[in-house]
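Colleague: Any chance you could fold what I've pasted below:
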Amino acid sequence: MADAPQNFMDMFQKLGEQLKVPSFDMTRIMEHHQKNLDAMTRSWQAMASGATAIAAKQREIFESAVKDITAMAQDYKPTGAPQDIFAKQAEFAKKAMEAAIANTRDLAELVQKSGNDSLKIIHERMQESYEEIRSGLEKK
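Modeller: Below is the predicted model:
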C-alpha cells in the first residue's frame, strides 16, 4: 500500500529538521516585508507628487505661451518699415527661445528631484534592511 500523501509544509519542515536549518521568526520576516512595502508606498507617493508638480509646471508654461501669443497678436501691426517688423519678430522669437530654455530647465529639475526623492527612500530602506539582517545574524 502506498504511503499517505504528505502536506507540502510538513515535508518542508521535516527537510529543515533533517538539515538542521534554524527556524524562522515569521513575525520578524513579516515586519521586514511590511517595512519594504511602506518604503515602496512612500517612494510611489514621491513619484506621484513629482508628476503632479510637472503637470502643474506644464500647465503654467502653456498658459504663459497662450498669454504671450495673444499679446503679440494684439500688438501686431503689419504696417511700418520691414526692418521694424523684422526686429519685433526677432525680439518675440528671442523671448520665446529664452522661455523655452528656462521652462525645459525647470521641468528637468522637477523630474530630477522627483526621481532623487523616490530613490532616496528606497536607498534608506535598503540600508535599514541590511542593518536588520546584519544585527539578526550577529545575535546568533
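Colleague: contacts for stretch 98-106?
Modeller: Residues from elsewhere that reach stretch 98-106, judged by Cβ atoms under 8 Å, 6 or more residues apart in numbering: K57, I61, S64, A65, D68. C-betas here are computed from N, CA, C, even on glycine.
Colleague: So which bits of it are buried?
Modeller: N103 (16 or more other Cβ atoms under 10 Å).
Colleague: Kindly report the same for stretch 113-125.
Modeller: Of the residues in stretch 113-125, those with enough neighbours to count as buried (16+ other Cβ under 10 Å) are S114, D117, S118, I121, R125.
Colleague: Check the contacts of stretch 98-106 and tell me the two furthest apart.
Modeller: Between any two of the contacts of stretch 98-106, the greatest separation by Cβ to Cβ is 16.3 Å, found for K57 and D68.
Colleague: Could you measure from E63 over to M126?
Modeller: Counting by Cβ to Cβ, to the nearest Å, the gap between E63 and M126 amounts to 41 Å.
Colleague: I'd like the average pLDDT over stretch 120-133.
Modeller: Per-region confidence: stretch 120-133 scores 92 on mean pLDDT.
Colleague: Kindly report the same for stretch 25-40.
Modeller: When pLDDT is averaged along stretch 25-40, the result is 87.
Colleague: List the contacts of it.
Modeller: Applying Cβ under 8 Å, 6+ apart, the set of residues contacting stretch 25-40 is I121, I122, E124, R125, E128, S129, E132, G136.
Colleague: ok, these vs Q13, which is closest?
Modeller: For Q13, the closest of the contacts of stretch 25-40 turns out to be G136, at 21.0 Å, with distances computed as Cβ to Cβ.
Colleague: State the number of residues packed around the closest one.
Modeller: The criterion is other Cβ atoms under 10 Å. On that basis, G136 has 12 neighbouring residues.
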